[in-house]
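K.L.:
Structural data only, the sequence is not supplied:
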Ligand SMILES: O=C(O)CCC(=O)C(=O)O
């Protein structure tokens, strides 16, 4: 068996297209991921988004890039590994860079000329148009298992080489070795090659895998955990719709204004002790559920 198959899973359904009605009743209301393969067919991005184009429109922008290593000591939880010109980063990707990623780069603020390359699809979601964000990575790059702090419904539209996404519903968070005060699973937990002896809660998971090709759009329902493998150089844009349920809106506010602030202060005060404590708690709390 391929290691990657060890977490129990099914494949995300692929649809050529879905009507607004079908999307709402079949996927949004049931919080079910889906890949829509023709959603971006008429977007200019389908033909344009490649290394040369990105260099042309934003090559001189200095961008933050992130590594797969977790923050240590007093370092900010989401500290960038480096800042460099986008064209230098793209050169690195072509030369085989397999770790550094561009993450959550706001297109509206940083490369407004790219806004004309995509559209907000009619899926019955109320998109927050001030935050279309770009992601890039090279062959072999991984995005750590996490969920989005704002609990938004996400539509991740992918271009370039193939990429795979492991998805786990929020109801299963109790088995995810979530690090307290963060929105990520414990870094040591390897979702591709799970150590069930050390992390037995992983046996309880029922996940989805999505295989994304150039032009695919993946719906990630609110609060879903996601882990990403770049099988080749790729560029994605994620469109987001904030939660409409009051309970989720309150959680969003708590995440953004309380949890993140407490974590920032404690990390500054205690440094690595704070990280070690939370990592121990991630395991203890998850194992209490067994
Ligand atoms: O594809 C990626 O690099 C990360 C995507 C992601 O985390 C997101 O859309 O929230």
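P.N.:
Right, received. Where do you want to start? What you see is a predicted model; the values in this text were computed from it and never measured.
K.L.:
So which residues on the stretch 151-290 of the chain come close to the ligand?
P.N.:
Residues of the stretch 151-290 of the chain lying near the ligand by Cβ under 6 Å from any ligand atom: 154, 156, 226, 228, 236, 238. Just so you know, the C-beta spots here come from the backbone N, C-alpha and C atoms, and that holds for glycine as well.
K.L.:
okay if I get the residues you listed as a markdown table plus distance to residue 46 and pLDDT?
P.N.:
Listed next are those as a markdown table, based on distance: Cβ to Cβ, whole Å; pLDDT from 0 to 100:
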| residue | distance to residue 46 | pLDDT |
| --- | --- | --- |
| 154 | 20 | 98 |
| 156 | 15 | 98 |
| 226 | 23 | 98 |
| 228 | 21 | 97 |
| 236 | 13 | 98 |
| 238 | 17 | 98 |
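K.L.:
With neighbour count as added columns, please give those in JSON lines.
P.N.:
Formatted as JSON lines, these follow (neighbours: other Cβ atoms under 10 Å):
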{"residue": "154", "neighbour count": "22"}
{"residue": "156", "neighbour count": "23"}
{"residue": "226", "neighbour count": "21"}
{"residue": "228", "neighbour count": "24"}
{"residue": "236", "neighbour count": "24"}
{"residue": "238", "neighbour count": "20"}
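K.L.:
TSV for these, including secondary structure?
P.N.:
Formatted as TSV, these follow (DSSP: H, G, I helix; E, B strand; the rest coil):
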residue	secondary structure
154	strand
156	strand
226	strand
228	strand
236	strand
238	strand
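K.L.:
Which stretches in the stretch 1-150 of the chain count as helices?
P.N.:
20-23, 45-48, 51-58, 86-94, 107-110 (DSSP state H, counting those that start in this stretch).
K.L.:
Check whether the last one comes into contact with the ligand.
P.N.:
No: applying Cβ under 6 Å from any ligand atom, one finds that helix 107-110 is not in contact with the ligand, the shortest distance being 12.9 Å.
K.L.:
Just say which of the helices of the stretch 1-150 of the chain is most tucked in.
P.N.:
helix 86-94 (a mean of 19; mean count of other Cβ atoms under 10 Å).
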